[in-house]
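[1] Here's my sequence, what's the structure:
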Amino acid sequence: ASGGACPVVRCMPNTPALVGEGVLAFSFEDPAVAKEDREALLGLFSCLGQCVEVPESRFTAFTSLIGAGPAYLFDLMEGMVQAGVALGFQHRDCRTMVAQLFAGCGRMALGRPEVHLMQLRDDVCSPGGTTIAGVNRMDADGLAGKLAQAVFAANDRGREMEG
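    Residues are numbered from 1 along each chain as shown. Predicted coordinates for the structure are as follows:
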């Protein structure tokens, strides 16, 4: 802290802030932070993406899920690009298609918050089709659980670093 020399605000961005699509957590728990300063900071940083208020006690969890999240998604993207190249697509073309796939899915999830993510997934699956075969494989391999475990491992490490 600043030893009372000035108000302290904690901020944790993620790397998509570099392109104005980040998620930035702010903690305004210092009582010396004036309401107008809080609003000014949120307004200033909003050009970098979505600004959310997170209590100090949840900062490590935010960092583990959202701060580290781009690494998880880029890993998923890389796996899909590698598969696409193995299927005969040019790397450059496959990377562009996969990046657009992630962007489009993100916009769908944001644009339809009332629809459960599993419903959005199931809407793509035809009975006996190729998509359900791939989804069944991911389920058998525990992909969702592995992603959750990555977040939990990051959270555990963050807690160790706090101590």
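
[2] Give me the phi and psi for Met12.
    Here is the backbone geometry of Met12 (degrees, to the nearest 10): phi -130, psi 110.

[3] Test my guess that it contacts Ala25.
    Yes. The pair Met12 and Ala25 passes the contact test of Cβ atoms under 8 Å, sitting 4.5 Å apart. Heads up, the C-betas are built off the backbone N, CA and C, glycines and all.

[4] Name the residues contacting each of the two.
    Val54, Phe59, Phe62, Thr63, Ile66, Gly67 (Cβ atoms under 8 Å, 6 or more residues apart in numbering).

[5] Please check these and keep the buried ones.
    Val54, Phe59, Phe62, Thr63, Ile66, Gly67 (16 or more other Cβ atoms under 10 Å).

[6] Specify the beta-bridge partners of the closest residue to the first one other than its chain neighbours.
    Excluding its sequence neighbours, the residue lying closest to Val54 (Cβ to Cβ, 6 or more residues apart in numbering) is Ala25, at 4.1 Å. Taking DSSP bridges, one obtains Met12, Val52 as the residues bridged to Ala25.

[7] switch to numbering from 22
    With the count now opening at 22, the last piece we talked about shows up as Ala46.

[8] still on that earlier bit, if we only consider the shared contacts of Met33 and Ala46, which is nearest to Asp177?
    Thr84 (11.9 Å; Cβ to Cβ).

[9] Now do the helices in this structure.
    Ranges of helices within the chain are 56-66, 80-83, 90-107, 112-132, 138-143, 151-162, 164-183, based on DSSP state H.

[10] Return the most buried member of those.
    Comparing these by mean neighbour count (mean count of other Cβ atoms under 10 Å), helix 80-83 comes out on top with a mean of 20.
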